[in-house]
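K.L.:
Quick one, fold the following:
(one chain, ligands or ions: 1)
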Amino acid sequence: MSETYVTYSRDGVVGTITIDRPRALNALNPEVLVQLSQCLKEAEFDRECLGVILTGAGGKAFVAGADIASMLDLPPAEGLRFAELGLSTLQQIEDLSKPVIAAINGFALGGGMELALACDMIYASPKSKLGQPEVKLGIIPGFGGTQRLARLVGKNRAREIIFTGDMYDAQTAAAFGLVQAVVPEAELMDYCRGMINKIGRMGPLAVAQAKRAINKGTDLALDSGLAIEKLAFMSLFGTSDQREGMTAFLEKRNAVFKGE
Ligand code: HXC
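P.N.:
Model (predicted):
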């Protein structure tokens, strides 16, 4: 039996996925990625879960990157297989029907920063350090970093971050638009839980469709993106959540959504 490195738990509507391999600062090897993928499936099919916090255990790192020792001797085909495992796992986060928040408390480097980039929002404690140091190792980001980072912060800032391999503190990452808020370490998880609870009071189908429209639409030409939004909008009519949301407004009460 292999060790357990990634766990899924739920408290109320808040799911938490914890990467727990502190002796290697939670570095991602194939086992960790497979377990992460499994936990994401659990979260997707847990009907009580309305959003997920992704975090790293040990108090020092979110994830310090892909596991360097396990990559050292990889021939190109194996390197590709490893990259594809990471890419498909991160894609699962983007495709999850619920919001996924990265709670960063420490190093989020290389594949760790790429993991955060696949999440819907990123919150970080002041001691956090983010960066894409792959060029220092003679490689480039391979879990989507060149693409997601450039789309999020713009090409020139992405070039600066990736070409230099520099590490940035949480405030600087926030100024880049990479981190949505810097939250004191002791409050970080509560802040993220509060965010999921708040979103959890909205219509779950609506949140899922909004996420889908943003993720599937924003890389397309505007008219194609707008077509995706239109279909997503239409799909919510006739759901019991849409009727409940609008009826509750008209009756001046809080809506009680069922996600149906
Ligand atoms: C494997 C890692 C690791 C990693 C840290 N460790 N990062 N092991 N892969 N990415 C291990 C160290 O070897 C060490 O093990 C232990 O974790 C503690 O780390 P230290 O270096 O002793 O800690 P510290 O001096 O505090 O430095 C922290 C650090 C440094 C600045 C984060 O560990 C570091 O630079 N790590 C590498 C970061 C990085 O380059 N990430 C990008 C990887 S490439 P021992 O056994 O010695 O105690 C990547 C590519 C993605 O992510 C795409 C792939 C397709």
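
K.L.:
check contacts around G12.
P.N.:
48, 197 (CB atoms under 8 Å, 6 or more residues apart in numbering). (Each C-beta comes from the backbone N, C-alpha and C, glycine too.)

K.L.:
That one and E48, how far apart?
P.N.:
As judged by CB to CB, to the nearest Å, G12 and E48 stand 8 Å apart.

K.L.:
now the helices for the chain?
P.N.:
30-45, 68-71, 76-95, 111-117, 145-153, 155-164, 170-175, 188-200, 204-217, 222-235, 240-250 (DSSP state H).

K.L.:
Which strands and helices lie in contact with the longest one?
P.N.:
Meaning helix 76-95. Applying 3 or more CB pairs under 8 Å, 6 or more residues apart in numbering; DSSP states H and E, we find helix 76-95 packed against helix 30-45, helix 68-71, helix 111-117.

K.L.:
what sits up against the first one?
P.N.:
Right, the one you point to is helix 30-45. By CB under 8 Å, 6+ apart, helix 30-45 touches 2-8, 15, 17, 19, 21, 26, 28, 49, 52, 67, 70, 82, 85-86, 88-89, 92-93, 96-98.

K.L.:
With the last one instead?
P.N.:
Residues outside helix 111-117 that contact it (CB under 8 Å, 6+ apart): 26-28, 54, 56, 61-66, 86, 90, 93, 102, 104, 108, 122, 130-132, 141-145, 148-149, 152, 178.

K.L.:
wait, doesn't R212 sit right on A232?
P.N.:
Yes. R212 is within contact range of A232, at 6.0 Å (criterion: CB atoms under 8 Å).

K.L.:
Check the stretch 151-260 of the chain for the residue nearest the ligand and tell me.
P.N.:
Here the stretch 151-260 of the chain gets closest to the ligand at one residue, M167, 7.4 Å apart by CB to the nearest ligand atom.
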